[in-house]
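Novice: here's my sequence, what's the structure:
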Amino acid sequence: MEQGILNGIPLHFFLIVAAGLFCIGLYGVLGRKNAIAMLMGVELMLNAVNINLIAFWRYVRPETPAALAFVAFVFVVAAAEAAVGLALIISVYRNTKSVDPEKLDQMKF
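Specialist: You can find the predicted model right below:
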């Protein structure tokens, strides 16, 4: 097998897809006014990181399972972030009837 090729797909294709996914997620975080869309953007960015981790693991050191542990850790962090973030958004929505983060200028309601 030629170095840098996996089933005919070079490494830079995976990196381009991950970079595009990360940019879409970054736009979702910085360009949206909806807290749920911001959470979805963070999830997209974490998935882009996972694509990079798996791609580099497969192309550089496929004999060691260390990257798989990092990917599992990122999945656990993403699930916890989604659960806590959605719980906070629901709580804020019940009190303010809005999910716009710019309207939350006070800590008390």
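Novice: longest helix of the chain?
Specialist: The helix of greatest length in the chain, counted in residues with DSSP state H as the criterion, is given as helix 66-96.
Novice: which parts of that one are buried?
Specialist: For helix 66-96, the neighbour count (16 or more other Cβ atoms under 10 Å) marks 67, 71, 78, 85, 89, 92 as buried. In short, each C-beta sits where N, CA and C put it, glycine included.
Novice: other SSEs contacting it?
Specialist: Packed against helix 66-96 by the contact rule (3 or more Cβ pairs under 8 Å, 6 or more residues apart in numbering; DSSP states H and E) you find helix 35-60.
Novice: if we can go back for a sec, reformat the buried residues of helix 66-96 as a markdown table; add pLDDT and distance to A35.
Specialist: Written out in a markdown table, the entries for the buried residues of helix 66-96 read as follows (pLDDT from 0 to 100; distance: Cβ to Cβ, whole Å):
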| residue | pLDDT | distance to A35 |
| --- | --- | --- |
| A67 | 81 | 32 |
| V71 | 87 | 27 |
| A78 | 88 | 16 |
| G85 | 86 | 8 |
| I89 | 83 | 5 |
| V92 | 79 | 7 |
